[in-house]
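Chemist: Sequence below, structure please.
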Amino acid sequence: MKQFPLFRKILLAMLVLSLVPLLVSSLILALNLRGVRGELVERSNAAADLRASESLRLQAEQVADSISAFLGQCEADLLLCAALPRTPAVLTAFYDSRRGEVWHRAGSAAAPREVRELLPCYSALAIVDRNGRETFAIREGRVVAPAELRNVATPAGTEYRREEYFKKTRRLARGEIYVSHLTGYHLSRNEQLAGAPDPESAYGGQEYRGVIRFATPLFDRRGTFAGIVVLSLDHRQLMEFTQHINPGQNRATVFPSYKSGNYAFLFDDEGWIITHPKYWDIRGVDRAGRLVPPYTSHSSPDDISAGRIPFNLDDAGFIHPNYPRVAELVREGKSGFVDITNVGGAKKIMAFAPIRYHTGDYRRYGIFGGVTIGFQVDQFHESARTGAGLINRQLRDHLRLSAVIVAATSLLVAICAWFLSRGITRPLAQLTDGVRRLAAGDTGSRVEISGRDEVGELAISFNRMAEELEQRKNSLLRTLDELELSRRSILDERNFKESILESISSAIMTVSPNGQLTSVNGTGRAILGEGATPGVDCRQLFAPWGALARRLDEVLTERRGYGRTPLTVERYDQLRHFEIGFFPIGSGGSGGTTVTMRDETERERFREEMARLDRLASLGKLAAGIAHEVRNPLTGVALLLDDLHDSPGLDPENQAMMSKALQELERVERLVAALLNYSSPPKACFRTGDLNRVIQDTLLLLRREGERQRVTMTFTAGELPPFRFDVEKIKQALLNLVKNALEAVPNGGNVEICTATAGTAVTVTIADNGPGIAEADLPLIFEPFFTCKGTGTGLGLSITQQVVEEHHGRVTVASSRETGTVFTISLPAEA
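Modeler: So this is what the prediction gives:
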């Protein structure tokens, strides 16, 4: 019975030593197989996706080239039509000769059929006189009666009540061509589906009908404008380029499957979709001629349900961020492919290519628009799934074989452990009995075991231990008495030193030779924070303190550099100044180092403020003297140049040079006036007023400038109490800050102005989302004559700071490259 517990231990040890490597190797192999399976699937999927993506991109580029060629043919047709005799017979023959095949569905969902028919390429041909009146027109294959001819001189008289092709074409030279964007009445969801659940099964619904106008001016023999000729491309001809593309298959389809995500569409250079299986995604106007707004995250539920949501890729980032990215890349003339999710939730690869075109309204980007072809990604991954299944079968076979090997190994180990334990447990039982007697107080007990193996050596060591036990017990009792006396003496000395250190206003700490903090007073804990506890590594504790950690490491390792030194560091979002001291403990620092820290921030701040005030006072005196001395000569030079400019004998080139010189003198005069105003500002006139009204008046002055720059300026007025301030000076300070914000976003952006109360103060924040101010320039922006713009006097922010300080307030700035710049003015709200 005594042998069984040891046997169990030996058996467990042998099982662990023999089975664990086997189990670990089997587990590693199984995990490797699983990893190979995942990597195989991932690489196979990636390779399939890449091949399909490249194929779709090439197909998109081919379609884009075909559309470019087709648009060029339309231009050639227009120029030919303009050169033909303008007789009804000739124009009708020309119109009938331009036809294209249109493949579409007919019948019903129960009995569908496909129809291919040759339809006119142009839904209309019109000759318009110089006054905008149609003199001849063919629409939908029919010559229009004179009573039905339109006056297209104004948009209201055109077919869709918003077109300006006559006004834009009459400004062109001979041979130039105007090409419009797609125009047609928007088709809603219900109008296309007509009760069907989806576009694929919608056989009885309406069809989108729109046009792209091609127009060129006509001139009589004297070169006088005589009118225009207009060809209106039928939208159905444009749909033929994408409507029948069936990605992933080698055959075309009469109508693509929108639910699968395998379809193509076109969008124009403004991002509007112009061909799509869902007709309500195509750009269009309402019956009053207003452009239907695009689908955005703010579209109303009623518009979404009714399908009044034409699709513009630039506004579709809320569906997937790659939609506006594709539109931007196409405008840059780039083709490629992206992963995307459409409105229906289908995850797919979308290839895209630009349709290169430079005529009419499309000259801005040099493209007509873009072609996109989408295909669901999971349809590329069948081969990867087959390989993963094969690896799964191999993994199951491996696990079954490993189980058999583990079971056989366990049986063999159990037999070996039985024989091994019998030779070990008998001498160990004797040793255990001797230990029990010793524990009971029998120090004379000895263990008699023959043999020189490890168990015999253990018995000899046990006997020696029993002999020394009594001696050590007596020695330990004497040592305990001595330690108690030493402890009391040390406690008294430590309490005395701690009371002295805690009363000192500087931080004092001791550091061991290996860099650990051994002690710190209360001031040190207040400066360094909760992490300053004995035992912590001072190199890590001082890591946020800039050069302090490096200086301490130098003192500890090289035992030099002792003494006091200043330290400037940014802590808790402000710049703080300290005097740091390092002093050795023991001979040459063998016992460690004493570190002292004294906060000199307030003293340094007071010194810098006095220096700044002295500098500004000197600068103001110098600027006033220079301005007074420069203004009188400038006035004389300006009068002389003005007389020379008005001299009748002066040639135009010299007059232009005089005008430029006068403009430069006016700019110098403004700089001198700014210097005088800065050096000798008028005395403030404080009166009780409404700060919100002053801000509104200020923004009114800058409204036009913001509109020119396409900047959105918003003002959020908080509830402010009336208080005393100088209206004109505060308005000047606000003008400086808002104009700086507008200059930070010259090509469009946001400028936000907010007011609020903070205790007994009133705050005004001016924020922009521009590129921000460089971190190196932030300490200098309020200095006189400092500017980063290349123009201006550099006094705007200095005057603003002067005005705010005159009101006993303060102005602060926060800026970053990611979020822009925020200026905050805080004024005391004294009634």
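
Chemist: Every contact and neighbour count from this point should use C-alpha atoms.
Modeler: Fine.

Chemist: Run through who's touching the strand ranked longest in the chain.
Modeler: Using DSSP state E, we find that the single longest strand of the chain is strand 574-585. Taking contacts as C-alpha atoms under 8 Å, 6 or more residues apart in numbering, the residues outside strand 574-585 that touch it are 555, 561-570, 589-601, 604.

Chemist: Check the average confidence over that strand, would you?
Modeler: What strand 574-585 shows for mean pLDDT is 79.

Chemist: Just the CA coordinates for that strand, please, in CSV.
Modeler: Extracted in CSV, the C-alpha atoms of strand 574-585 (Å, rounded to 0.1, in the frame of the first residue of the first chain):
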residue,chain,number,x,y,z
GLN,A,574,2.3,73.0,-20.4
LEU,A,575,6.0,73.8,-20.5
ARG,A,576,7.6,73.6,-17.0
HIS,A,577,11.1,74.6,-15.8
PHE,A,578,13.0,72.8,-13.1
GLU,A,579,16.4,73.0,-11.4
ILE,A,580,17.8,69.4,-11.2
GLY,A,581,20.6,68.4,-8.8
PHE,A,582,22.7,65.2,-8.7
PHE,A,583,24.9,64.5,-5.7
PRO,A,584,26.8,61.3,-4.9
ILE,A,585,26.1,59.1,-1.9
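
Chemist: That strand pairs with which strands, and in what direction?
Modeler: Note on strand 574-585: by DSSP bridges, its sheet partners are strand 563-571 (antiparallel), strand 592-599 (antiparallel).

Chemist: List the buried residues of that strand.
Modeler: R576, H577, F578, E579, I580, G581, F582, F583, P584, I585 (16 or more other C-alpha atoms under 10 Å).

Chemist: Mind listing the residues bridging to the third one?
Modeler: What that stands for is F578. Assessed by DSSP bridges, F578 has beta-bridge partners L567, D599.

Chemist: Contact partners for S68?
Modeler: With C-alpha under 8 Å, 6+ apart, S68 has these contacts: I355, R356, Y357, F368.

Chemist: While we're on it, how confident is the model there?
Modeler: For S68, the pLDDT comes out at 95.

Chemist: what does D198 give?
Modeler: At D198 the predicted local distance difference test score is 87.

Chemist: Next one: it relative to P247, how far apart?
Modeler: Using C-alpha to C-alpha, to the nearest Å, D198 is found at 20 Å from P247.

Chemist: picking that back up, just tell me which of the strands paired with strand 574-585 ends up closest to A661.
Modeler: When these are compared by C-alpha to C-alpha, strand 563-571 sits nearest A661, at 49.4 Å.

Chemist: Now do that closest one: distance to the chain's middle.
Modeler: 37 Å (C-alpha atoms, centre = their mean, to the nearest Å).

Chemist: What segments of the stretch 1-150 of the chain are helices?
Modeler: Ranges of helices within the stretch 1-150 of the chain are 3-83, 88-97, based on DSSP state H, counting those that start in this stretch.

Chemist: Comparing these by mean pLDDT, which bottoms out?
Modeler: Within these, confidence is poorest for helix 3-83, with a mean of 76 (mean pLDDT).

Chemist: before we move on, back to that, could you tell me how far the longest strand of the chain lies from the centre of the chain?
Modeler: Relative to the mean C-alpha coordinate of its chain, strand 574-585 is positioned 41 Å out (C-alpha atoms, centre = their mean).

Chemist: repeat for stretch 76-94
Modeler: Taking C-alpha atoms, centre = their mean, the mean C-alpha location of stretch 76-94 is offset from the chain mean by 55 Å.

Chemist: do stretch 581-589 as well
Modeler: What separates the centre of stretch 581-589 from the centre of its chain is 52 Å, taken as C-alpha atoms, centre = their mean.

Chemist: what about D198 and P247, which has more around it?
Modeler: Remark: of D198 and P247, P247 carries more neighbours, 22 against 15, as counted by other C-alpha atoms under 10 Å.

Chemist: these two touch, right, that one and Y263?
Modeler: Yes. Taking C-alpha atoms under 8 Å as the definition, P247 is a contact partner of Y263 at 6.6 Å.

Chemist: Can you pull the residues that touch both of these two?
Modeler: What both P247 and Y263 touch, as defined by C-alpha under 8 Å, 6+ apart, is the set I373, G374, F375.

Chemist: which strands and helices sit next to the helix or strand harbouring F267?
Modeler: F267 is part of strand 264-268, with elements assigned from DSSP states H and E. In terms of contacts (3 or more C-alpha pairs under 8 Å, 6 or more residues apart in numbering; DSSP states H and E), strand 264-268 is packed against strand 273-275, strand 367-376.
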